[in-house]
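1. Got a predicted structure here, sequence first:
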Amino acid sequence: MKTRIAQGLAILFVNFSLLATEPADVSSGIKEVTVFLQGAQVTREAKVNVTRGTSTLSFRELPVNIDPQSIQARGEGNFVILSLLHQVNYLAGARRTAGVQALQDTLKQVEDRLAQVNGRQSVMKSEEELLAANRNLGGSNRTITMAELKLAADFYRARLTEIKKEQIRLSAEAGQLTQKIEKIKNQLNTQNAVLNKPTSEILVNISAPENSVATLRISYTVYDAGWFPVYDIRAKDVQNPVELYYNAKVYQNTGEDWENVSIRLSTANPRQRGEKPVLNPWFIDFEQYIPFVSRDQSQSAVKMKSAVADEAMEMVEEAPPVAATAASFTDVSENQTNLEFNIRVPYDIPSDNKQYTLNIQENKLPAVYEYYCAPKLDREAFLIARITGWEDLNLLSGEINLFFEGTYVGKSTLNIRNTSDTLDLSLGRDKGIIVSREKLKDFTEQRTIGTNIRETRTWEISVRNTKKQSLNLRLEDLFPVSMNKDILLESQEYSGGTYDKETGRVNWKIILGPSEEKKFRLSFAIKYPKDKKVFID
């Protein structure tokens, strides 16, 4: 048999009501899923019996929110795909997931046990009635001895006690089983309310010269799914590089479970507009007087302005956002416009809209550790890891979980648009560095000189290392920056630090030995008109 590879795209749709044959149901399974930042492409595969001539194959119980324009079909075998049709089926009935099936099985077991308990209660009740009906031990012509009476009384007492105990136990068990049945039914009702929705189906019209067995694959895009990056950065100590764990939070609520499927993560976003923006001419003119207009005219102008604004917004529219791990089985491929992470370990991701974490990359990055303190704002020092080499990893903006010495220390954010070659991350406060900042009254004064006031301020900054090892510390403070020509900064003293006139920042980079203390002075004088007020404290 000559084998051909049949490929078809969802380009040609025909009216399947004209077909004479009833569509044949196809049993298919999800083979792989490509998860985009928003949306996912699902690929199903099925072995089909192809009959000679023209026939229609039906993939049923698919998600109702399939994008019809995204449907593709291809296959392997001696047949040709003629056309495709997607339609919604409102009469298919409720779909049954593995979770629903498990609940129904559990409900059946509990109901069976309750029936057994009820039957046992009925037997106990009958035995109790039997004993009550046969309490008359002797006939009218027979006298019972005391020994016989005592023996009978002991028997009745013992047996009735056992019956009552068993009835109490069975009643308690029946109550528990009834409550459990009610809870299971409530859970089933909740899940069925979600699952009892219309499904969709894809009809594939094919033509074959002879009967054969072939492979048919369909793929489609759904949008109730996606992924976003979350990073773990772990620093063992200040002598080692940091470890960057690139994680993906994957979620889906498509209506079908992804069970034991290959997952591919793509940085593409099919919901984002793909056309390039148009840069129009920028016209300027003299400002003109705007005459008074009537209310009707002004409303028309507002509508026109709103329409222009909406069009502008549309142009820039963006869609919102030590065992082996999956990273050991992940291949990264760089396409022309996006990246793909192909995970070679199958995953189960149910349709429950929960976030499932997939570890897709692990890297060690060089880092320089230093302490930072801005005592004008906070008297405590922060340990900073200055990380390099991250820009070569094709990371996306996302949240960072920080760990230092095996302890979670907080969160940060990676913004790839606003981050330089060095990524600075705070690893938390360190109580082992004592910092103080005090204003020296003896060097603080205010004097009137002619029509101006001259004010002087001096602060003393003290830092002390209580640790047993040396450390690097970057200390930062501020001089005021004048925004008015009448306010003059006349003098500055900053104890050998570096001064940026544009920002007013003063930096000291120091090395503190064990138990060492260093002091720095920050002093300045300003002059301004005496009829004005300037706050500099």
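-> Here it is on my side, so go on.
2. what residues does stretch 530-537 touch?
-> The contact list for stretch 530-537 (CB atoms under 8 Å, 6 or more residues apart in numbering) reads K439, T448, T451, N452, I453, E455, R457, P480, D486, I487, I526, Y528. Any C-beta I mention is one placed from the backbone N, CA and C, and that applies to glycine too.
3. Could you do stretch 226-234 as well?
-> With CB under 8 Å, 6+ apart as the criterion, stretch 226-234 contacts 35-40, 242-252, 265, 321, 357-358, 385, 387, 395-404, 414, 425.
4. before we move on, the earlier item: nearest to S55 among the contacts of stretch 530-537?
-> Nearest to S55 among those is P480, at 83.6 Å by CB to CB.
5. Surely that closest one touches I526?
-> Yes - between P480 and I526 there is a contact at 6.7 Å, judged by CB atoms under 8 Å.
6. Neighbour count: the two, which is higher?
-> For P480 and I526, the more surrounded residue by other CB atoms under 10 Å is I526, and the numbers stand at 20 against 14.
7. returning to that earlier point: what is in contact with P480 and I526 at once?
-> Common neighbours of P480 and I526 (CB under 8 Å, 6+ apart) are L489, I536.
8. Run through the residues that contact D257.
-> Taking CB under 8 Å, 6+ apart as the test, what D257 contacts is T97, A98, D348, I349, P350, S351.
9. can you point me to the longest helix in the protein?
-> In the chain, with assignment by DSSP state H, the single longest helix is helix 146-195.
10. Check which helices and strands it sits against.
-> Applying 3 or more CB pairs under 8 Å, 6 or more residues apart in numbering; DSSP states H and E, one finds that helix 146-195 contacts helix 98-133.
11. about what we covered before: specify which member of the contacts of stretch 530-537 is nearest to K518.
-> For the contacts of stretch 530-537, the nearest to K518 is K439 (18.7 Å; CB to CB).
12. which non-adjacent residue is nearest the closest one?
-> Leaving aside its sequence neighbours, K439 sits nearest to W459 (CB to CB, 6 or more residues apart in numbering; 5.4 Å).
13. which parts of the helix or strand containing that neighbour are buried?
-> Element membership for W459, per DSSP states H and E: strand 452-465. Buried residues in strand 452-465, defined by neighbour count with 16 or more other CB atoms under 10 Å: N452, I453, R454, E455, T456, R457, T458, W459, E460, I461, V463, N465.
14. Likewise for stretch 273-281?
-> The neighbour-count check on stretch 273-281 (16+ other CB under 10 Å) flags nothing as buried.
15. List the contacts of T466.
-> T466 touches G432, I433, I434, S515, counting by CB under 8 Å, 6+ apart.
16. From the residues you listed, pick the one nearest N260.
-> Nearest to N260 among those, with distances taken as CB to CB, is G432, at 51.0 Å.
17. My guess is the closest one contacts K467. True?
-> Yes - with contact defined as CB under 8 Å, G432 reaches K467; the gap is 4.6 Å.
18. sorry, back to before: let me see the contact set for the residue nearest to K439.
-> By CB under 8 Å, 6+ apart, W459 lies in contact with R437, E438, K439, L440, D477, R521, L522, S523.
19. what sits opposite the first one in the beta ladder?
-> Pointing back at R437 there. I461 (DSSP bridges).
20. where does it sit relative to F520, distance-wise?
-> 10 Å (CB to CB, to the nearest Å).
21. what sits in contact with each of the two?
-> E460, I461, S462.
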